[in-house]
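[1] Below are the sequence and a predicted model; questions follow.
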Amino acid sequence: MGEIWTTYGFPGVIIVAQILAVTVPLLIAVAYMVYAERKVLAMMQLRQGPNLVGPWGLLQSFADALKMIGKEMIIPAGANRVVFIFAPVLTMVLALVAWAVIPFDLGWVIADINVGILYLFAISSLGVYGIIMAGWASNSKYAFLGSLRSAAQMVSYEVSIGLVIITVLLCVGSLNLTDIIVAQSGAGGFWGWFFVPLFPMFVIFFISALAETNRAPFDLPEGESELVGGFHTEYSGMTFGLFFLGEYANMILMSAMTTVLFLGGWLPPLEMAPFTWIPGPVWFVLKIAFCLFVFIWVRATLPRYRYDQLMRLGWKVFLPFSLIWVVLTAGVLVAFGWLPD
Amino acid sequence: MLLTGIAFYIFAAVLVAAAVMVISAKNPVHSVLYLIVCFFNAAGLFVLMGAEFVAMILVIVYVGAVAVLFLFVVMMLDINFQELRQGFLQYLPIGGLIGLVLAIELLLIVGTWVIAPETSAVAAAPSPAIDAVTNTEALGRIMYTQYVYAFQASGLILLVAMIGAIVLTLRSREGVRKQSITQQVQRKREEVLAVRKVPTRGGV
């Protein structure tokens, strides 16, 4: 019995504790992300935003969550019950499991696997299932149209995300996320982070991330002016709540991916005294917060794309451009002998 | 090792059960969803074998792209379940035949391993120890050296298939208004804009 405890029980407890240490702050971060979005949007549009629940409205998200839990969960008569319930659960679970490989500092990672970036890519490419299943199981034309749009959109933009990831991998020579961040530390400052040498790919990645998370200006799957609520038209109560949480958790995940790939993860912007005093995880969170701010900023600034323009941008602009950059990067690395071993 | 064993039997059992459900589910969309469960558990088995790269590629390519397209098509079909049942006996012989051929091929492969274990060593490249190189690197070393022609050939086949699919489905329709961005951008101000002096109560 004692042996089983030392081989399986104790490590098991540690793993569960690690998982809780990541997911609980993440869920709180999601709640405050919703609050921050409403507040920032309000400031950009010269409004007040939520300001009644708690000081400065800080508890608004928790009030909303409680309201959502209390509401009735309606399942439409023609719906496929199992798939209908499973779809939001899947969306939420996928948004959480991806965090297993994200390194918050050197060695601060739940699973330090060799193919970390592929794992992230695989999980983010699964996100489309939650939406497509929701659309089909709802048995409603608006939900179905929304989910078809979303599926086509996410599959299209995954292609350019894949090519961007290949470019970064060419410069790193490893698929491990920790290695990717360490590879950016060589220059001793922010000019060594990959967003400097690979700036066009950084822009493409961020725009594709917007499309991948179905955010404005690419929020056609839930374009309320034409599709009521898009794929979640028929959802109510906590099933809708899970979609909502999943969407924001995905935004945070995509920001974390941007931070890892291009913004140097936990590295301070300058290897100098006042910057190195601040611990790595704080830098990591600050960079994620910056990316999230840009997400909101874009939403407040740009109008929604038309669907054919969205597809044109993905296939006729981003795909050829990122292909050329992959070839160019590979060429430069080989020509100057900068290939990592 | 105990946990690995338990994990293997869970993955294997779910894989086989889901595979049975793929062919026995009444609703085709459910079949595709069970197929996705199959892919997932196969990826889990690959991870258990230490082939993490193959596992991730399986999920990215098959689950993330191929199965999405399957689901896309199957969801849009207007299926009559009665008709689907009726054709069953008609298609049983050909389906059974294909299944039989695949089963015999599998038996041949496994049989060769059992009868003459040394034959498999002839075709396979020597694989380095798992802790010496990551398996991404090991795959890359083999694929771009020993199997480079097979690799290029399969790439070529995929390219031809892609071009074929585009050629077969591409049709240019006459009389459809399409946005031409160059045309829009090249419009001159004089062609589209006229400033008129409008007299009061006169109209244009």
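    Cool, the structure landed.
[2] CA only for contacts and neighbour counts going forward, please
    Fine.
[3] just checking, what packs against the helix or strand in which A:Tyr157 is found?
    Assigned by DSSP states H and E, A:Tyr157 belongs to helix A:141-172. Helix A:141-172 is packed against helix A:116-137, helix A:177-182, helix A:199-212, helix A:224-227, helix A:307-312, helix A:319-335, with contacts defined by 3 or more C-alpha pairs under 8 Å, 6 or more residues apart in numbering or on different chains; DSSP states H and E.
[4] Report the rounded mean pLDDT for the longest one.
    The average of the pLDDT scores along helix A:116-137 is 87.
[5] B:Ile181 is nearest to which of the helices and strands packed on helix A:141-172?
    B:Ile181 lies closest to helix A:307-312 among the helices and strands packed on helix A:141-172, at 10.3 Å (C-alpha to C-alpha).
[6] Got the domain ranges for the chain?
    Since no chain was named, I'll use chain A. Domains of chain A are assigned by automatic domain parsing as A:1-70, A:82-335.
[7] Let me rephrase: I mean chain B.
    With automatic domain parsing as the reference, chain B has domains B:1-82, B:128-168.
[8] what mean pLDDT does the helix holding A:Tyr157 have?
    87.
[9] what do you get for stretch A:83-96?
    pLDDT averaged over stretch A:83-96 gives 89.
[10] same thing with stretch B:75-94?
    72.
[11] Quick one: end-to-end distance for it.
    26 Å (C-alpha to C-alpha, to the nearest Å).
[12] Just the element for B:Gly140, please.
    Going by DSSP H and E, B:Gly140 is in helix B:135-143.
[13] Quick test: name the residue nearest the centre of the chain.
    All of this is about chain A. With the centre of chain A defined as its mean C-alpha position, the nearest residue by C-alpha atoms, centre = their mean is A:Met254, 2.5 Å away.
[14] To clarify, I was referring to chain B.
    Short answer for chain B (C-alpha atoms, centre = their mean): B:Val66, at 2.8 Å.
[15] Give me the pLDDT for that residue.
    85.
[16] What's the local residue count around the closest residue to A:Phe104 other than its chain neighbours?
    Once flanking residues are discounted, A:Phe104 sits nearest to A:Pro281: 5.2 Å by C-alpha to C-alpha, 6 or more residues apart in numbering or on different chains. A:Pro281: 17 surrounding residues under other C-alpha atoms under 10 Å in any protein chain shown.
[17] before we move on, the earlier item: ok, which of the helices and strands packed on helix A:141-172 comes nearest chain B?
    helix A:116-137 (4.7 Å; C-alpha to the nearest C-alpha).
[18] Find me the pLDDT at residue 100, would you?
    No chain in the question, so chain A it is. 89.
[19] other chain: chain B
    93.
[20] any idea how far it is from B:Pro93?
    B:Leu100 is 10 Å from B:Pro93, by C-alpha to C-alpha.
[21] Which SSE is immediately downstream of the helix holding B:Gly140?
    By DSSP H and E, the next helix or strand past helix B:135-143 is helix B:148-169.
[22] Just the C-alpha atoms of stretch A:88-101, please, in CSV.
    The C-alpha coordinates for stretch A:88-101 follow below in CSV (Å, rounded to 0.1, in the frame of the first residue of the first chain):
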residue,chain,number,x,y,z
PRO,A,88,-20.5,23.4,-25.2
VAL,A,89,-18.7,21.1,-22.8
LEU,A,90,-16.3,20.1,-25.5
THR,A,91,-15.6,23.8,-26.3
MET,A,92,-14.8,24.6,-22.6
VAL,A,93,-12.7,21.4,-22.1
LEU,A,94,-10.6,22.1,-25.2
ALA,A,95,-10.0,25.7,-24.0
LEU,A,96,-8.7,24.4,-20.7
VAL,A,97,-6.6,21.3,-21.7
ALA,A,98,-4.3,23.3,-24.0
TRP,A,99,-2.9,25.1,-20.9
ALA,A,100,-1.1,21.8,-19.9
VAL,A,101,1.9,22.7,-22.1
